[in-house]
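Q: Need coordinates for the below:
(chains A and B)
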There are 2 protein chains.
Amino acid sequence: MDLHITNIINDLKNDDFDAYLLTQFTNVEYISNYKPTSFAFCIIKENPIIYASGMDMELARNNSSIEVKEYESYDVMINELKDDGIKSLAIEPTLPYSTYVRFRDDFTIDSKTYIDKQRMIKTPAEIEKITRATEIAQKSFLQLDILNNKSTEKEVAFDLVRHMIENGASKESFDTIVTSGAESSLPHTIPQDKKLTQPILIDWGAIYEGYCSDNTRTMVYTEKQQEIWDIVAESHDKAIKAIKPRMKCCEVDKVARDIIADYGYGDRFIHSTGHSLGLDIHETPGFSMRDETIIEEGMVITVEPGIYLEGEFGVRLEDTVYISRKANVIGDLPLNID
Amino acid sequence: MDLHITNIINDLKNDDFDAYLLTQFTNVEYISNYKPTSFAFCIIKENPIIYASGMDMELARNNSSIEVKEYESYDVMINELKDDGIKSLAIEPTLPYSTYVRFRDDFTIDSKTYIDKQRMIKTPAEIEKITRATEIAQKSFLQLDILNNKSTEKEVAFDLVRHMIENGASKESFDTIVTSGAESSLPHTIPQDKKLTQPILIDWGAIYEGYCSDNTRTMVYTEKQQEIWDIVAESHDKAIKAIKPRMKCCEVDKVARDIIADYGYGDRFIHSTGHSLGLDIHETPGFSMRDETIIEEGMVITVEPGIYLEGEFGVRLEDTVYISRKANVIGDLPLNID
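A: As a prediction, this is how the structure comes out:
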């Protein structure tokens, strides 16, 4: 049996649960190699099974490493689970309330992060795919010739996605951010139909064989912009240097945040320092003030401090690192783009 | 006060709830015009409020029509709600279990579809945006010159998205499906790096001012493909003709399904006949076997019967209709593409 499933079954035994219900598409994919396109109920127990939507049956049979049955109804599924002796059910924290309600009268239920715990630690094969996604994304960025660009934000975003797909990505890993001028102070703004102004902030990533990449670069032009850029770069570099296995995630956030605060911009760093990624662009753990997760080898996490001056501009610099005995930056795109 | 909010407050009163918690991004957008990029808690009560993420504060203040406060912690938010006299809380069916758990000790909770009920009925302004999205998508499709295309599925999908963006879409409304040959029997397959073969199935849509469009066309080449196409077209046309306000949604599904079943392909129509769309690409109600929702004027729903012959090919034909005294097809792209 697959190691991921064995580990989860051990977790279930330790916590006295009979089965684990997974419905999040990337969780089902992680366990079975079949990524649902509509809905699926993946039940991990001694004999794991996926109840797949009728429209997915051909795909599921082709791809799934575990048994697949066509979903008929909640009643049929719940009765089959009860016939199998299932009395208690662990669920994902993200399970929708309305789905939880369908199970709660028949099973003892609580949410468990067994699957997140597995997905936190990437295998070498997973790190390779994230690295390939990052290389594709960074190569595509360099094809933009950004510094002489007379295009609109939307056009640049579109070119970047085209390059990524031509270079082998299946798609972008999230809506590409190309922003410039005052809008760059909005961390998640979307590209506009306006010609690029200054500074230029680009936050982008590719998906390669299901795995995401994530980077941000900001190109600055004035003395004030450069001053802010230097602070963010110092925070970025020192945070990465500080990362070691057995530290807590929040300690890395503190390193990044303290540097920015020391320069007087603490209240202008308005998000966490980073998030894990993999099959999803946002995974746990994250480098945030409240995340007490212990850093372990095999984690892949972004480091992305930023300073946002409302009405003026924003600067964010982001790399993704994988943790071995230290943090290794994935890809080789310089922070400073000339 | 906004009519949507007034209606929800009336629903709350009727069901003896003090407040309604919304977290789904398009629900918050629907109520306030501010679409979160990270997370938000929108509480509808006599004095509605949104607790927004710190990184969204500038965006939220710029866009929200209702009061915005920066989220600090669950404890602060819950205490403020309790100070405001809130004892019972209606939630969205989609609320993640882990969020529900944060509220359940302090409030009486049940899920309610007040917001879905509002969003089902589109205003003329919303129908206009869906129409514009559809026109952009259909115009872009016709720019493909699909019948003489020597490209790969991925290239065609990419061209289609580029045309949509050039024609004014903000983005595609879902991952564009361009599939051909045997893969077309997988309803939700993704474009491959292979040259187009036959038949060609394209399922695509644009987003315009936040609103989605959705269409599918299948181009067939052999006698067998044409035979299947004719059945699907008959099902599509007769289902649309049958739609009337005060029917049940499942009755429309039955019209479409019975025609396909009469030709002996009932078990090869492996999904529902249609779904509503709007700010989201999938909304309620849908034309499905189990949806007993009464059809009302102002609903916007797809009609998309299909027949999928595993290992051979699939045919799906999809239009989006808005309901007045009858069903009106949005856009004017013929079913039959020559």
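Q: Is A:Lys181 in contact with A:Gln198, as I believe?
A: Let me fix one detail, which is that residue A:181 is Gly and not Lys. Yes - the criterion here is C-beta atoms under 8 Å, and A:Gly181 meets it with A:Gln198 at 6.6 Å. C-beta: built from backbone N, CA, C; applies to glycine.
Q: Please identify which of those two sits among more neighbours.
A: The residue with more neighbours, out of A:Gly181 and A:Gln198, is A:Gly181; 18 against 13, by other C-beta atoms under 10 Å in any protein chain shown.
Q: Can you classify the nearest residue to that one once chain neighbours are set aside by secondary structure?
A: Distances taken as C-beta to C-beta, 6 or more residues apart in numbering or on different chains put A:Thr197 closest to A:Gly181, at 3.7 Å, once the chain neighbours are dropped. What DSSP: H, G, I helix; E, B strand; the rest coil gives for A:Thr197 is coil.
Q: Report the separation between A:Thr197 and chain B.
A: Counting by C-beta to the nearest C-beta, to the nearest Å, the gap from A:Thr197 to chain B is 18 Å.
Q: what residues are shared contacts of A:Gly181 and A:Gln198?
A: Common neighbours of A:Gly181 and A:Gln198, counting by C-beta atoms under 8 Å, 6 or more residues apart in numbering or on different chains, are A:Phe313.
Q: does the residue of the stretch 151-300 of chain A found nearest chain B count as helix, strand or coil?
A: Closest residue of the stretch 151-300 of chain A to chain B, C-beta to the nearest C-beta: A:His188 (3.4 Å). The assignment at A:His188 comes out as coil when based on three-state DSSP.
Q: what about it, how many residues close to it?
A: A:His188 has 18 nearby residues by other C-beta under 10 Å.
Q: Touching, it and A:Ile177? I think so.
A: Yes - in this structure, A:His188 is within contact of A:Ile177 by C-beta under 8 Å, at 6.9 Å.
Q: mind checking how far the residue in chain A sticking out farthest from the centre is from chain B?
A: Outermost residue of chain A with respect to the C-alpha centroid, by C-alpha atoms, centre = their mean, is A:Asp83; its distance is 37.5 Å. The gap separating A:Asp83 from chain B is 24 Å, by C-beta to the nearest C-beta.
Q: Tell me the first helix or strand C-terminal of the strand or helix carrying A:Tyr100.
A: Assessed by DSSP states H and E, A:Tyr100 sits inside helix A:97-104. Next along the chain after helix A:97-104, taking DSSP H and E as the criterion, comes strand A:108-111.
Q: hang on, the residue nearest to A:Gly181 packs against A:Ser180?
A: Yes - the criterion here is C-beta under 8 Å, and A:Thr197 meets it with A:Ser180 at 4.6 Å.
Q: Compare these two (neighbour count), which wins?
A: Set A:Thr197 next to A:Ser180 and count neighbours by other C-beta under 10 Å: A:Ser180 wins out with 25 against 15.
Q: before we move on, the earlier item: what residues of the helix holding A:Tyr100 count as buried?
A: Residues of helix A:97-104 classed as buried: A:97, A:99-100, A:103 (neighbour count, 16 or more other C-beta atoms under 10 Å in any protein chain shown).
Q: Run a quick neighbour tally on A:Val220.
A: 22.
Q: Hmm, A:Val315 and it touching each other?
A: Yes - if you go by C-beta under 8 Å, A:Val220 and A:Val315 touch, sitting 6.7 Å apart.
Q: Need the overlap of contacts for these two.
A: Shared contacts of A:Val220 and A:Val315, counting by C-beta under 8 Å, 6+ apart, come down to A:199, A:228-229.
Q: residue contacts, the nearest residue to A:Val329 once chain neighbours are set aside?
A: Nearest in space to A:Val329, with sequence neighbours left out and distances taken as C-beta to C-beta, 6+ apart, is A:Asp319 at 4.9 Å. Residues near A:Asp319 by C-beta under 8 Å, 6+ apart: A:215, A:236, A:240, A:302-304, A:329-331, A:335.
Q: can you redo these as TSV with secondary structure?
A: Output for the contacts of A:Asp319, formatted as TSV (three-state DSSP):
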residue	secondary structure
A:Asn215	strand
A:His236	helix
A:Ile240	helix
A:Thr302	strand
A:Val303	strand
A:Glu304	coil
A:Val329	strand
A:Ile330	coil
A:Gly331	coil
A:Leu335	coil
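Q: Return the closest of the residues you listed with respect to B:Glu251.
A: A:Thr302 (50.2 Å; C-beta to C-beta).
Q: partner residues bridging the residue nearest to the closest one when sequence neighbours are not counted?
A: Using C-beta to C-beta, 6+ apart and skipping the chain neighbours, the partner closest in space to A:Thr302 is A:Gly274 (4.1 Å). Legend: beta-bridge partners of A:Gly274 under DSSP bridges are A:Phe287.
Q: repeat for A:Asp203
A: Beta-bridge partners of A:Asp203, as defined by DSSP bridges: A:Ile177, A:Thr216.
Q: was I right about it contacting A:Gly314?
A: No - applying C-beta under 8 Å as the test, A:Asp203 and A:Gly314 come out as separate, 10.5 Å apart.
Q: Which residue of the two possesses the greater neighbour count?
A: Legend: neighbour count by other C-beta under 10 Å for A:Asp203 and A:Gly314, higher for A:Gly314 (26 against 22).
Q: Could you check the strand or helix carrying that one and say which residues are buried?
A: Secondary structure from DSSP H and E places A:Gly314 in strand A:313-316. Using 16+ other C-beta under 10 Å as the test for burial, strand A:313-316 gives A:313-316.
Q: What strands line up against it, and which way round?
A: Strand pairing (DSSP bridges) places strand A:313-316 next to strand A:306-309 (antiparallel).
Q: Quick check: pLDDT value at A:Asn148.
A: Looking at A:Asn148, its pLDDT reads 69.
Q: ok, now the one 3 residues further on?
A: With respect to pLDDT, A:Ser151 scores 89.
Q: What degree of burial does it show, as a neighbour count?
A: 15.
Q: which residue sits closest to it, ignoring its sequence neighbours?
A: Nearest one to A:Ser151, counting by C-beta to C-beta, 6+ apart, is A:Leu196 at 6.6 Å.
Q: right, and that neighbour touches A:Val156 too?
A: Yes - in this structure, A:Leu196 is within contact of A:Val156 by C-beta under 8 Å, at 6.6 Å.
Q: anything in contact with each of these two?
A: A:149, A:178.
Q: what's around the residue nearest to A:Ser151, how many residues?
A: Neighbour number of A:Leu196 under other C-beta under 10 Å is 22.
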